[in-house]
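*Asks:* Sequence and predicted structure, then a few things I'm wondering about:
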Amino acid sequence: TAPAPAPVLPEPRLPPQQLQRKARRDPNAPPEDNPERLRSRQRQIEIGKNTPEYEKYIEMVPRHARTRDDPRTPNPKERMSKRAFDGYLRKWRRQLHQWAEKNMPQADFELLASHVDDMPALDEETGFEVL
């Protein structure tokens, strides 16, 4: 008799973290032209640039010395969905904070942390300022 065929196993499922796809960037897409969306994006970037972490980062890391792994400000004119832009914004803000924790002397970082109360409150889900 012929050997029994091997059982067909379902493909393994990936954990949710690995299922997330990166937003697709189309280099040929025209720039964002919705004035309201551009204003909103620029406002959120300005909030991030007004943080002590960002100020210390640009002071300590000159533009020519930055690497691919350093925080990179999202481009407000790049055409992408609101959700994709919000994701890039959150990633940038998180990277700035992580950079400050890793690269600043402890006393400076504690001083930054003491100013957190002076900063605008951000919605944890969207990363936008809570009004």
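*Replies:* Nice, I can see it. Residues are numbered from 1 along each chain as shown.

*Asks:* Every contact and neighbour count from this point should use C-alpha atoms.
*Replies:* Fine.

*Asks:* for residue 72, what are its contacts?
*Replies:* Each residue near residue 72 by CA atoms under 8 Å, 6 or more residues apart in numbering is listed here: residue 92.

*Asks:* Backbone torsions only: list them for it.
*Replies:* Dihedral angles phi and psi of residue 72 (degrees, to the nearest 10) take the values phi -130, psi 120.

*Asks:* Okay, now the unreliable bits of this protein?
*Replies:* Within the chain, the set of residues satisfying pLDDT under 70 comprises 1, 10-12, 14-25, 106-131.

*Asks:* Please enumerate the strands of it.
*Replies:* Secondary structure of the chain (DSSP state E): no strands located.

*Asks:* which stretches of it form helices?
*Replies:* Counting by DSSP state H, one finds helices in the chain at the ranges 16-19, 35-49, 52-60, 82-103, 106-114.

*Asks:* what would the ones you listed look like in JSON lines with distance to residue 67?
*Replies:* Converted to JSON lines, those look like this (distance: least, CA to CA, whole Å):
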{"stretch": "helix 16-19", "distance to residue 67": "25"}
{"stretch": "helix 35-49", "distance to residue 67": "19"}
{"stretch": "helix 52-60", "distance to residue 67": "13"}
{"stretch": "helix 82-103", "distance to residue 67": "12"}
{"stretch": "helix 106-114", "distance to residue 67": "22"}
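
*Asks:* Which of these sits closest to residue 28?
*Replies:* Shortest distance between residue 28 and the helices of the chain, using CA to CA, is found for helix 82-103: 17.2 Å.
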